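J.: coordinates only, sequence not included:
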């Protein structure tokens, strides 16, 4: 289920600031309280896809003596995030309403 | 030497990754940094690898992002088909040269003469004499006409092949530095070349033997010249194929 919403989750984490892959996955795990336990390696192709779509940008950077690819959300990514969050909230509200009855 | 799970995992990932060299290097670098970060954070190398996910699955997802663009596929196909076509046309031209040599050495009857049992109608005989006025008999006039046809047609094909090869070199230089290489590289072209020209050499050799089996050398030259050239070209492709097969695969784990 998480696969369909991975883009939204990644953009949401990146909205708080540039991150490299490992830090991004750690943030995702912490903020979800360990709910999203997807294979960590699958996040990279998702990031590459977002970059191809122009929603994130990246560049190599040396952090703590290790070369890492740091990702940053673009303006286009922020617009997409806003739209996706709105859709998700509508969907979640609808689901909640149906499940509560 | 103790086997490092991270090194083993990165080897597996490299073997299964597809895409441009830059894309492959990027995924590997990101994966290694991630795995080392996980170990720095307290995970064992085996745990870090296990959390990262199956190498084949990660590679498949990354490779799906790096599918070869259609223009690159078309460029590669044009280069492969163009090279095989140009070599084939030049081979035909070379067989034309060889036919001309056999013509000079053994005469037109050896190259394209009809079997002695063949007869000609009066009208056909007149036609052949018109086409080859210097010949004394219908049979020699027919042989001269057919030999000239074979030589001119094959040589013209060879000239076209040389032109095509020139265009191929120009395109190869223009596209050769392209970022993408498809799967249609390495041994594929020499395999096709060896097969096609090898089969042609066998068929033309059989045709030559059949011509001999009729009990005369009339017309033998046209088949013999083509069989010899096809054999040489097939041999050339076989040498290239052998050299290519001796090279270790680019993504081999050693």
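T.: Thanks, I have it. Here the structure is a predicted model, which is why all the values come from computation and not from measurement.
J.: Near chain B, which residues of chain A? Just list them.
T.: Proximity of chain A to chain B, by CB under 8 Å from any CB of the partner chain, involves residues A:20-22, A:25-26, A:39-42, A:44-45, A:48-49, A:52, A:66-69. (Each C-beta comes from the backbone N, C-alpha and C, glycine too.)
J.: Tell me which residues are up against stretch A:90-101.
T.: Applying CB atoms under 8 Å, 6 or more residues apart in numbering or on different chains, stretch A:90-101 has no contact partners.
J.: re the thing from before, filter the residues of chain A next to chain B down to the buried ones.
T.: Buried by 16 or more other CB atoms under 10 Å in any protein chain shown: A:20-22, A:25-26, A:40-42, A:44-45, A:48-49, A:68-69, out of the residues of chain A next to chain B.
J.: Surely residue B:28 and residue B:13 touch.
T.: Yes - the pair residue B:28 and residue B:13 passes the contact test of CB atoms under 8 Å, sitting 6.4 Å apart.
J.: Of the two, which one has the most company?
T.: Remark: of residue B:28 and residue B:13, residue B:13 carries more neighbours, 23 against 16, as counted by other CB atoms under 10 Å in any protein chain shown.
J.: Could you tell me how many residues sit around the nearest residue to that one once chain neighbours are set aside?
T.: Nearest in space to residue B:13, with sequence neighbours left out and distances taken as CB to CB, 6 or more residues apart in numbering or on different chains, is residue B:55 at 4.6 Å. Neighbour count of residue B:55, defined by other CB under 10 Å: 21.
J.: Can you name the residues that contact residue B:55?
T.: By CB under 8 Å, 6+ apart, residue B:55 lies in contact with B:9, B:12, B:13, B:16.
J.: how much space is there between residue B:127 and chain A?
T.: 68 Å (CB to the nearest CB, to the nearest Å).
J.: follow-up on the earlier one: closest to residue B:245 among the contacts of residue B:55?
T.: Nearest to residue B:245 out of the contacts of residue B:55 is residue B:16 (CB to CB; 22.0 Å).
J.: got the contact list for the closest one?
T.: Taking CB under 8 Å, 6+ apart as the test, what residue B:16 contacts is B:55, B:56, B:59, B:60, B:63.
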